[in-house]
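[1] Model the structure of this input:
(4 chains)
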2 protein chains.
Amino acid sequence: MSSPEKVFEALSSTARRRILAYLRDRPLHAGAIAERFEMSKPAISKHLAILEGAGLIWRKREGQFVLYGMEEETLAGHLWAFMQEVCPPSRTLRREVQDELGNEDSSTPDHAERSKVSTTLPKGAS
Amino acid sequence: MSSPEKVFEALSSTARRRILAYLRDRPLHAGAIAERFEMSKPAISKHLAILEGAGLIWRKREGQFVLYGMEEETLAGHLWAFMQEVCPPSRTLRREVQDELGNEDSSTPDHAERSKVSTTLPKGAS
DNA sequence: TCTATAATTAACCTATTAGCTAAAAGGTTA
DNA sequence: TAACCTTTTAGCTAATAGGTTAATTATAGA
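    Below is the predicted model of the structure:
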């Protein structure tokens, strides 16, 4: 329902990242979002559709208005998974431990034990 | 030198996210990266240039080869800044405190005191 | 210097994205 | 129903992204 592809694609637009920032604290009507931008309402509507398609926001009709709000789990979940896979962990703690043991050499690479199975990156992608 | 725009644009491609994952544990030569993909070497070369332009990787010529590696600070720094701005914090701890005080009502919105100044989102962007 | 290998750049093609305006869809109120 | 409002869809254009092959640059080695 919410793939990393769609999430990162959605995040690649500054306008869409701004929308997420506006929605962080409270839901807003489409019009209230649009009036914070210079571009046309249809353009904003498309951005909202992309964010919704990525599972990053929800949408609820309220009379003639449409309310949008953050889908709180999705963004943090995907960013966290990605950081886990791609960001090299800081070596500070491990070093401290080794120093305490008087072991300077550290021939074992830092992440030798990391799982080989990717959760956020497909196999044969382009 | 490394803007959020460029970083998120760089991350929007699955191929580029895969490259970062390959580089997490050790630097690799351009050819070693290319042979993990189906696409042509020039295509990979372009992806590498985009990642480098975003400040996510470094590049070093070694004889006839070119070595690429992760620029460790950049990715974590930008993702962290973005999460701080956009992800609603979990309310668990605050609730615990309020429950201990016997204060059920919680009329103050959760992030009312959050800074208004954005560090990762420009003002008049489209 | 000549040849082979690694990588990038150039030129090109196609598909997609992001914006616009105008029209339609959905909903409220008189 | 009519008039009006909010939002989305349709249709269009211009610009960009992502891939290709061919040519070029940079280095190594006989």
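
[2] pretty sure residue A:33 contacts residue A:41?
    No: counting by CB atoms under 8 Å, residue A:33 stays clear of residue A:41, with 9.3 Å between them. (Glycine included, C-beta is placed from N, CA and C.)

[3] ok, the two, which is more surrounded?
    Neighbours were counted for residue A:33 and for residue A:41 using other CB atoms under 10 Å in any protein chain shown; residue A:33 has more, 20 against 13.

[4] Before we go further, that one is sitting in a helix, right?
    Yes: counting by DSSP: H, G, I helix; E, B strand; the rest coil, residue A:33 is part of a helix.

[5] got a list of what it touches?
    Residue A:33 sits next to A:19, A:22-23, A:44, A:48, A:68 when contact means CB atoms under 8 Å, 6 or more residues apart in numbering or on different chains.

[6] Residue A:60: helix or strand, and which one exactly?
    Under the criterion of DSSP states H and E, residue A:60 resides in strand A:57-62.

[7] near chain B, anything from that strand?
    No: taking CB under 8 Å from any CB of the partner chain as the criterion, strand A:57-62 and chain B are apart, separated by no less than 11.3 Å.

[8] Equivalent analysis for stretch A:77-86, please.
    Yes: against chain B, stretch A:77-86 shows contacts by CB under 8 Å from any CB at A:79, A:82-83, A:85-86.

[9] quick one: low-confidence ranges for chain A?
    Counting by pLDDT under 70, chain A shows low-confidence ranges at A:91, A:93-96, A:100, A:102-126.

[10] What segments of it are strands?
    Taking DSSP state E as the criterion, chain A contains strands spanning A:28-29, A:57-62, A:65-70.

[11] Format the ones you listed as JSON lines; extra columns: mean neighbour count.
    Shown next, in JSON lines, are the strands of chain A (neighbours: other CB atoms under 10 Å in any protein chain shown):
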{"stretch": "strand A:28-29", "mean neighbour count": "16"}
{"stretch": "strand A:57-62", "mean neighbour count": "14"}
{"stretch": "strand A:65-70", "mean neighbour count": "17"}
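
[12] ok, which residues in chain A are in contact with DNA strand D?
    Within reach of DNA strand D by CB under 7 Å from any atom of the strand, chain A has these residues: A:29-31, A:34, A:41-42, A:44-46, A:48-49, A:59, A:64-66, A:126.

[13] And for the residue lying closest to residue A:5 once chain neighbours are set aside, the neighbour number?
    Of all residues not flanking residue A:5 in the chain, residue B:14 sits nearest, at 5.9 Å (CB to CB, 6 or more residues apart in numbering or on different chains). Residues within reach of residue B:14, counting by other CB under 10 Å, total 18.

[14] before we move on, back to that, which strands and helices sit next to the strand holding residue A:60?
    If contacts are counted by 3 or more CB pairs under 8 Å, 6 or more residues apart in numbering or on different chains; DSSP states H and E, strand A:57-62 sits against helix A:14-23, helix A:41-53, strand A:65-70.

[15] Tell me how far the second one lies from the chain's centre.
    In this case it means helix A:41-53. 17 Å (CA atoms, centre = their mean, to the nearest Å).

[16] Could you tell me the angle between it and helix A:14-23?
    Between the axis of helix A:41-53 and that of helix A:14-23 there is an angle of 70 degrees, by axes from the mean of the first three to the mean of the last three CA atoms, to 10 degrees.

[17] In helix A:41-53, which residues are buried?
    By neighbour count on 16 or more other CB atoms under 10 Å in any protein chain shown, the buried set for helix A:41-53 is A:44, A:47-48, A:50-51.

[18] My guess is residue A:15 contacts residue A:48. True?
    No: if you go by CB under 8 Å, residue A:15 and residue A:48 don't touch, sitting 10.2 Å apart.

[19] What distance do you get for residue A:62 to residue A:68?
    Distance of residue A:62 to residue A:68, given as CB to CB, to the nearest Å: 11 Å.

[20] which neighbours do the two share?
    Shared contacts of residue A:62 and residue A:68 (CB under 8 Å, 6+ apart): residue A:29.
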